[in-house]
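> model this:
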Amino acid sequence: MKHLVTLFTFIMITSGMIFAQGAGNALEFNGTDYVNCGSSSSLKPSDVLTIEAWVRPDDDSHAGGGDGLVVSDGDGSATGVNLDLQTSQVPYCIINTADGLKSVSGNAISPATWEHVAFVFSPVGLFLYQNGSLVDSEPFPSGSNSIVTTANNFYIGSKGSGTDRRFLGDIDEVRVWHAALTQPNINAWKSKPVTSSHPNWGNMVSYYKFDEDKVGQTTGTCVDSKGSNDGTNSGALWFTNNDLPLPVELTSFKVNPAPDGSGIELHWITASELDNLGFEIIRRENIGETWQVIASYKTYPELEGQGTVTYETHYNYTDRNVDKNRAYQYSIVSVNVNGDRDYSQAVEISLSGVTVTDFKLYPAYPNPFNPSTVISYFLKNECEVNLRVVDIHGRAVRTLRDGLLHNSGFYSVTWDGFSDEGLRISSGVYFIILEAGRFSGSQKVLFLK
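Next up is the predicted model:
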């Protein structure tokens, strides 16, 4: 069985993770489950065809024998179009053509790991892609070939009866195209929702996102969001798929108690973004409860996205409306220019037992920065505070606090990148220096133009 969310306590870091399209929901298949998409001829073009899917096999996908069926309208050996996972989770595509059976096979997929698989049939060859890279091909020497179509129903996840072609694991984002997609096209769009801006949008036949509001159910309609080939689910479990993530490259996502213990801080870093309007913060207390939006880019400027960029961006949000005696789960939601919403993994945290016992100067964020950065610190007790900025030569640049008496607690101050003389600073390295009572701390920040 699949876990609906992945939970950590206090902090979760997803270093180097590329968040893909289509978080939402997905389907879990337990060997005899399947989605019957009917026998429409639109699903079975004979000249060119591309089928894509995200798959995550269990480690026991082939217990009891047989291939793990991903999509098919054939019998797996002599008819139709077949995309399977064979022994050791090796993707395998076999198609009955006018020139005989043609097949390609790929690289083994690690159990419990999401991987994008796609095959392309064209008159000149059969091609198999994994995670956007070509892994196998079979050229057609004649330079012209076609698929021998069948009258069979098109299935996702199983053959509909028996266990000879069973699939154990998860499937999401199945796409069928009456087109031979190119490798750059597959790679560019594998990790984001398909929209009308896709160069082959007009040739998309069917698009099964499995995002119906049926989490926990095993029967119902799987909507074809592009065509008219809705599928009928027989046994596959809808679950919240928080492991296929955002249309951004997320390098870090941390959730910590606020320094003064009065709230919960969320901090995440994106290495790149694609058509990103901004983020929403959603929260709930227990699995199964409805997520509630507690902050949105529409009302919090610090949650606004960067559009399409390839540089690193830091984001922060502090939830002060919390009860120290309760645990909370958080997720960040990316909203793109088309209104598509994608979800990060869920993180759980509790403030129970959290205490703050010492002075602390927290890392400024963002850093590098332009035009401004936020500097935070915590004071253990009442004292005078000096907070200043100096350049790499130790020369004074900006005084942010000048001997003011502070009570104990958490404080933040924003430095706008200007000097005491009201001049915009030059690009380069600067040092933040905090002196509070007997405590002294410093950190390096970088201003970029």
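
> which ones are touching the closest residue to residue 427 other than its chain neighbours?
Spatial nearest neighbour of residue 427, chain neighbours left out: residue 449 (4.7 Å); criterion: C-beta to C-beta, 6 or more residues apart in numbering. For glycine as for every other residue, the C-beta is placed from the backbone atoms N, C-alpha and C. Under the criterion of C-beta atoms under 8 Å, 6 or more residues apart in numbering, the neighbours of residue 449 are 370, 426-427.

> residues in contact with the most far-flung residue of the chain relative to its centre?
Largest separation from the mean C-alpha position in the chain: residue 403, at 46.2 Å (C-alpha atoms, centre = their mean). Contacts of residue 403 were listed using C-beta under 8 Å, 6+ apart, and they are 384-386.

> so residue 188 sits in a helix?
Yes - according to DSSP: H, G, I helix; E, B strand; the rest coil, residue 188 belongs to a helix.

> for it, which non-adjacent residue is spatially closest?
residue 132 (7.9 Å).

> domains in the protein, by residue range?
21-240, 254-350, 360-447 (automatic domain parsing).

> figure out which of the ones you listed is closest to residue 248.
Residue 248 sits nearest to domain 254-350 of all the domains of the chain, at 4.5 Å, using C-beta to C-beta.

> what pLDDT, on average, does the closest one get?
Taken as a whole, domain 254-350 carries a mean pLDDT of 83.

> please pull out the lowest mean pLDDT helix or strand from this protein.
strand 17-18 (a mean of 34; mean pLDDT, DSSP states H and E).

> what's the following helix or strand after it?
Towards the C-terminus, the helix or strand next in line after strand 17-18, according to DSSP states H and E, is strand 25-30.

> related to what we said a few turns ago, need the contacts of residue 449 in CSV (columns: secondary structure and distance to residue 69).
CSV is the format used below for these (DSSP: H, G, I helix; E, B strand; the rest coil; distance: C-beta to C-beta, whole Å):
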residue, secondary structure, distance to residue 69
370, coil, 52
426, coil, 62
427, coil, 57
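
> which one of these has the most neighbours?
The most crowded member of the contacts of residue 449, judged by other C-beta atoms under 10 Å, is residue 370 (12 neighbours).

> show the pLDDT at the closest residue to that one other than its chain neighbours.
Of all residues beyond its chain neighbours, the one nearest residue 370 is residue 448 (5.1 Å), with distances taken as C-beta to C-beta, 6+ apart. Among the per-residue scores, residue 448 shows a pLDDT of 89.

> quick one: residue 448 from residue 210, how far?
42 Å (C-beta to C-beta, to the nearest Å).

> looking at the contacts of residue 449, which one is closest to residue 338?
When those are compared against residue 338 (criterion: C-beta to C-beta), the nearest one is residue 370, at 28.4 Å.

> among the contacts of residue 449, find the lowest-pLDDT one for me.
residue 370 (87).

> does that one touch residue 445 like I think?
No - Residue 370 is not in contact with residue 445 according to C-beta atoms under 8 Å; the separation is 10.9 Å.

> please enumerate the helices of this protein.
In the chain, the helices defined using DSSP state H lie at 183-189.

> where in it is pLDDT low?
For the chain, applying pLDDT under 70 flags the ranges 1-23, 59-67, 160-164, 242-247, 259-262, 287-288, 352-357.
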